[in-house]
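Please work out how this folds:
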Amino acid sequence: MPLESSPPDTRPQADAARARGREARRVAFATFVGTAIEWYDFFLYGAMAALVFGTLFFPAGDPQVSQLAALGTFTVGFIARPLGGIVAGHFGDRVGRKRMLVLSLLLMGVATVGVGLLPTYAAAGVAAPALLVVLRIMQGLAVGAEWGGAALMAVEHAPPNRRALYGAAPQLGVPVGAILANLILLLTSALTGDAFATWGWRVPFLISVVLVLVGLVVRRQVSESPLFAEAVEKAGAPRYNPLIRVLTKHPRSLLRAVFASIASASWGYVILVFILSYGATAKIYSRPALLTMIILASVLQAGAMLYAGLLADRAGRKRVALYGALGQVAMGLAFFPLFDSGVFWLALLACLLASIALSAQYGPLPALLAEQFPTEVRYTGVSVGYMFGNILGGGLVPLVGAALVAATGTSFSVGLYMLFLSVVTAVAVLLTPETANVRLDEA
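Presented below is the predicted three-dimensional model:
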């Protein structure tokens, strides 16, 4: 009588699956922490440019001229972003994603603490704004290197049916960084009072050194992207230039990535930066009221982006992102009439509605963009596409918005500008193929 064979032992496979799941969650958390710290630094600069940098570093007879100069330095950071994305993408596609994320966090930390130590125009003359621009360029390079690597680490570690949800983890760094920056601004402003404009503004920048150290510890503990490691093991490090390969082999994917990234970046900076400058200059709301709006909108945005990622794994990236883009189109008409009402609750409603629309389009974006490019050039394609989209959209919004208000005397012109950018993104998303069921190692 033949002996019955025992069933195969599936415990090793189950243990391996659980280990992969734990590592995916650890990586998602690490990308969130690091990105939140980088965006804390980035938004802190934007808030200070809107509130105090004009008079500290660009004294002029006309306050609007000083304000435009300060917001111009904010825009300079965006111009540096694509270079950061190109350099980090080149090495991230050749030597790994993890190293670039550690370097980007270090660069951002050095630049942000440096801003907190800068002399003002009164103390150093033209050297002060020149050094401010240099440090702002360093911040732009760091963010350019950061976003693509963080998005890819989260997406490439994720289970196949949870790529959009895990990819939303580094996106949470944007609202959480904004919350941190504005909470510390509120606290510092309250504690230092009138001294905020002289020395109190430096404190939030110097605090950054502690946050960066925490982020570095968390990031050094995660593993390299398994898809990148597998690709290198099979074919070795790429011998070609990743940027040239993207431009010649994947130009349509790159263009879609650029234009699909415009609207969410633009609305993000309207809510998180522009209303600070516009609301304070027009004397519609007090500084604490404006900071409170931003914090509450950021809290909603964090939850909405996680839900958008979850929904994109179920219903598809394209559908969720397209609904978000259409919502942004509608907000182009509604946002500023509500904000200009002078009623706090109506202005807050405008910020909340815009945050929901933004989140629906921004939450699935890492997965949507990552799935457009093969592993060997994914870091470059995602970084360059997203960063150029940020230049055309987000980076210009505070400056263009201030210029439009100065030229037309009304904020509705800014709303029409935002409507146009949102239509561009809606068309780009509509032309992007659905990729929810695409295998990343075969993209």
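
right, and the helix or strand after the helix or strand Phe29 falls within?
Phe29 belongs to helix 11-51 when elements are defined using DSSP states H and E. Per DSSP H and E, the first helix or strand lying C-terminal to helix 11-51 is helix 53-57.

give the contact list for the residue nearest in space to the middle of the chain.
The structure's the chain has its C-alpha centroid closest to Val174; by Cα atoms, centre = their mean the separation is 5.3 Å. When contacts are counted by Cβ atoms under 8 Å, 6 or more residues apart in numbering, Val174 is found next to 35, 39, 268, 301, 362. Where you see a C-beta, it was placed from the backbone N, CA and C, and this is true even at glycine.

ok now do the last one, which residues does it touch?
When you say that, I think you mean Tyr362. Neighbouring residues of Tyr362 by Cβ under 8 Å, 6+ apart: 171, 174, 264, 268, 305, 308, 324.

Are any of the contacts of Val174 buried, and if so which?
When burial is judged by neighbour count using 16 or more other Cβ atoms under 10 Å, the buried members of the contacts of Val174 are 35, 39, 268, 301, 362.

can you put those in TSV and add pLDDT?
Compiled in TSV, the buried ones among the contacts of Val174 are given as follows (pLDDT from 0 to 100):
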residue	pLDDT
Thr35	82
Trp39	80
Gly268	86
Gln301	92
Tyr362	92
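
closest to Lys249 among the residues you listed?
In terms of Cβ to Cβ, no member of the buried ones among the contacts of Val174 lies closer to Lys249 than Tyr362, at 27.1 Å.

my guess is Val87 meets Gly148, correct?
No: counting by Cβ atoms under 8 Å, Val87 sits too far from Gly148 to count as a contact (11.1 Å).

Who has more neighbours out of those two?
Higher neighbour count among Val87 and Gly148: Gly148, with 33 against 18, using other Cβ atoms under 10 Å.

Spell out which helix or strand contains that one, please.
For Gly148, the host element (DSSP H and E) is helix 127-157.

What is the helix or strand following that helix packed up against?
Once helix 127-157 ends, the next helix or strand along the chain (criterion: DSSP H and E) is helix 163-171. If contacts are counted by 3 or more Cβ pairs under 8 Å, 6 or more residues apart in numbering; DSSP states H and E, helix 163-171 sits against helix 11-51, helix 127-157, helix 287-315, helix 365-370.

next helix or strand past helix 163-171?
helix 173-192.

buried sites along the helix or strand just after that following helix?
Helices and strands here follow DSSP H and E; after helix 173-192, the next one along the chain is helix 202-220. Burial within helix 202-220, assessed by neighbour count using 16+ other Cβ under 10 Å, is assigned to 202-205, 207-208, 211-212, 215-216, 218-219.

now stretch 310-325
Judged by neighbour count (16+ other Cβ under 10 Å), stretch 310-325 contains these buried residues: 310-313, 316-325.

Endpoints of it, how far apart?
18 Å (Cα to Cα, to the nearest Å).

neighbouring contacts of it?
Stretch 310-325 has contacts (Cβ under 8 Å, 6+ apart) with 161-165, 260, 263-264, 308, 357-365, 367-368, 371, 422, 425-426, 429-430, 432-436.

Then stretch 427-443?
Counting by Cβ under 8 Å, 6+ apart, the neighbours of stretch 427-443 from elsewhere in the structure are 155-156, 160, 163-164, 227, 230-231, 255-256, 258-260, 262, 312-313, 316-319, 321-322, 325, 361, 367-368, 370-375, 378.

low-scoring stretches of this structure, by residue?
Along the chain, the parts satisfying pLDDT under 70 run over 1-17, 60-64, 235-238, 395, 441-443.

Chain neighbours aside, what residue packs nearest to Leu358?
The shortest distance from Leu358 to any residue other than its chain neighbours is 4.5 Å, reached at Trp267 (Cβ to Cβ, 6 or more residues apart in numbering).

hmm, I was thinking of Gly309
Ala168 (3.2 Å).

Which member of the contacts of Tyr362 is positioned nearest Val384?
Closest approach to Val384 among the contacts of Tyr362 (Cβ to Cβ): Ser264, at 17.0 Å.

check which helix or strand covers the closest one.
helix 262-269.

tell me what that helix is packed against?
Packed against helix 262-269 by the contact rule (3+ Cβ pairs under 8 Å, 6+ apart) you find helix 317-339, helix 344-362, helix 378-392, helix 397-408, helix 412-430.

and Arg239, how many neighbours?
7.

that older thread, residue contacts, the residue nearest to Leu358?
Contacts for Trp267 were tallied using Cβ under 8 Å, 6+ apart; they are 328, 331, 354, 357-358, 418, 422.

top of the residues you listed by neighbour count?
When the contacts of Trp267 are compared by neighbour count (other Cβ under 10 Å), Leu358 ends up highest, at 31 neighbours.

Surely that one and Cys351 touch.
No: contact between Leu358 and Cys351 fails when scored by Cβ under 8 Å: they sit 10.2 Å apart.

Can you work out which residues contact both of the two?
Shared contacts of Leu358 and Cys351, counting by Cβ under 8 Å, 6+ apart, come down to Ile271.

mind checking the backbone torsions on Trp199?
When read as degrees, to the nearest 10, the backbone of Trp199 gives phi -130, psi -20.

mind listing what it touches?
Listed by Cβ under 8 Å, 6+ apart, the contact set of Trp199 reads Thr192.

Can you report how many residues lie near the closest residue to Met418 other than its chain neighbours?
With Cβ to Cβ, 6+ apart as the measure, Gly332 is the residue that lies nearest to Met418, at 4.4 Å, once sequence neighbours are left out. By other Cβ under 10 Å, the residues close to Gly332 number 25.

thought Gly332 was touching Leu419?
Yes: contact between Gly332 and Leu419 holds when scored by Cβ under 8 Å: they sit 2.8 Å apart.

circling back to that earlier point, just want the angle from the helix holding Phe29 to helix 287-315.
Between helix 11-51 and helix 287-315, the angle formed by their directions is 150 degrees, by axes from the mean of the first three to the mean of the last three Cα atoms, to 10 degrees.

Packing partners of helix 11-51?
Here helix 11-51 is seen to pack against helix 63-92, helix 97-117, helix 127-157, helix 163-171, helix 173-192, helix 202-220, helix 275-281, helix 397-408 when contacts are counted using 3+ Cβ pairs under 8 Å, 6+ apart.

where's Ala130 relative to Ile79, distance?
Here the criterion is Cβ to Cβ, to the nearest Å. By it, Ala130 lies 16 Å from Ile79.

Could you check which of the two is surrounded by more residues?
Set side by side, Ala130 and Ile79 show more neighbours around Ile79, with 17 against 11, by other Cβ under 10 Å.

Contacts only, for the residue nearest to Met418.
Applying Cβ under 8 Å, 6+ apart, one finds that Gly332 lies in contact with 415-420, 422.
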